[in-house]
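J.: fold the following.
(one chain, ligands or ions: 1)
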Amino acid sequence: MGILGGSFDPVHAGHVALATCALQHLQLDEVRWVPVGQAWQKNRVLAPAEHRVAMVRLAIAHEPRFTVDTQEVERAGPSYTLDTVRALQTQAASDAAPTEWYLIIGLDQYRNLPTWHGWEELLDRVHLAVACRDSAALPDLNLGQVCALPMPPLSVSSTHIRQQLLAGEDPNSLVPTMVSNAVARYIAQHQLYADRQPPLNGHP
Ligand code: ATP
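T.: I've put the predicted structure just below:
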C-alpha cells in the first residue's frame, strides 16, 4: 500500500507521475491519496478541502488502483501523517494478509522529514519511497532504508500553477501540466486561484 499525502492545491502532473512511478516500481496494489486538512507547515490558506478533494478525484479517475482518503480533511486539528498512518494500520490490522506500507514523497519533503511530528515513529511504521524532484542524487539523511523512485524530474509545482492562474492564464492552457482537461474545467468552473478581489468603488 502506498500513501501519498499532499495539499494538492491544485493537483498536477508531478503528483500523478510520482504515484504512477511508485505503483509500477514498488508493484503496489493501491496508492491512497490523502489531501491534507490543516497543513501546519504551510503558512498560507489553502483552497477549500472539497475543491482539492474533487480535483484529486478527477485527476486519478483513470487508474482504479488510485484511491482518495479524506480522513485528514475530516479530522479536526493539524494534519499529522503519523495519525493518518496509525489510523490506516489500525483499519488494516484485521486483514488476512499483512500489509507493507510505503510513504511516497518528493525530495523536498524527504529533506524536511525530520521536522515532521513524530517522524521517528513514522519511520518505524512505513518504508520511505522518495522521488527526486531535481537531478540531485538522493542525499543520505540517515533516515534508514529509503527506496529511491526512478522518476525523471518534473519541475511542475502547485505554486507555479497558482501563480500562472493568478496572472490570468486560462486553466485550459495549462493542460497537460495540470493533468487533465477535467481538472482544468473544474478550476475554470469554480474560478479557483483567480484574482477575485472586488473591484475598486464597486465598478468593474
Ligand atoms: P506547493 O507548490 O503548493 O508547495 P507541491 O507542488 O509541492 O505544492 P504538494 O501537494 O505539496 O505539491 O506535494 C505532495 C507531494 O508530492 C510531496 O511529497 C511533494 O514532494 C511531491 N511532489 C510535488 N510535486 C512534485 C514533482 N514535480 N515531482 C515529484 N514529486 C512532487
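J.: contacting residues for the residue in the chain positioned nearest to the ligand?
T.: Ranked by Cβ to the nearest ligand atom, the top residue of the chain for proximity to the ligand is residue 106, at 2.1 Å. C-beta: built from backbone N, CA, C; applies to glycine. Residue 106 makes contacts with 14, 18, 130-131, 133, as judged by Cβ atoms under 8 Å, 6 or more residues apart in numbering.
J.: hey, what's it bridged with?
T.: residue 131 (DSSP bridges).
J.: residue 146 now?
T.: Beta-bridge partners of residue 146, as defined by DSSP bridges: residue 128.
J.: near the ligand, which residues of this protein?
T.: Taking Cβ under 6 Å from any ligand atom as the contact definition, the chain meets the ligand at 6-9, 14-15, 18, 105-106, 108-109, 131, 133, 154, 156-159.
J.: kindly give a single ChimeraX line that selects the buried subset of those residues.
T.: Restricted to buried positions by 16 or more other Cβ atoms under 10 Å, the ChimeraX selection for the residues of the chain next to the ligand reads:
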select :6,7,8,9,14,15,18,105,106,109,131,133,154,156,158
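J.: quick one, strands of this structure?
T.: Using DSSP state E, the strands of the chain run over 2-6, 31-35, 66-68, 102-106, 127-131, 146-149.
J.: so, low pLDDT: which residues of the protein?
T.: 133-137, 196-204 (pLDDT under 70).
J.: would you map the helices across it?
T.: 13-25, 49-60, 71-74, 81-92, 107-112, 119-125, 158-166, 181-189 (DSSP state H).
J.: show me what counts as buried in the second one.
T.: If I follow you right, that is helix 49-60. 49, 51-60.
J.: what residues does that helix touch?
T.: With Cβ under 8 Å, 6+ apart as the criterion, helix 49-60 contacts 7-11, 15-16, 19, 33, 35, 37, 46, 66-68, 70, 73, 179-180, 182-183, 186-187, 190, 192.
J.: let's see 6 Å
T.: 8-11, 33, 35, 66, 68, 70, 73, 179, 182-183, 186, 192 (Cβ atoms under 6 Å, 6 or more residues apart in numbering).
J.: mind checking which of the residues you listed are buried?
T.: So, of those, 8-11, 33, 35, 66, 68, 73, 179, 182-183, 186, 192 end up buried under the neighbour-count rule (16+ other Cβ under 10 Å).
J.: among those, which one lies nearest to residue 166?
T.: residue 192 (10.4 Å; Cβ to Cβ).
J.: roughly how far does the closest one sit from residue 159?
T.: 14 Å (Cβ to Cβ, to the nearest Å).
J.: what's the answer for residue 70, then?
T.: In terms of Cβ to Cβ, residue 70 sits 23 Å off from residue 159.
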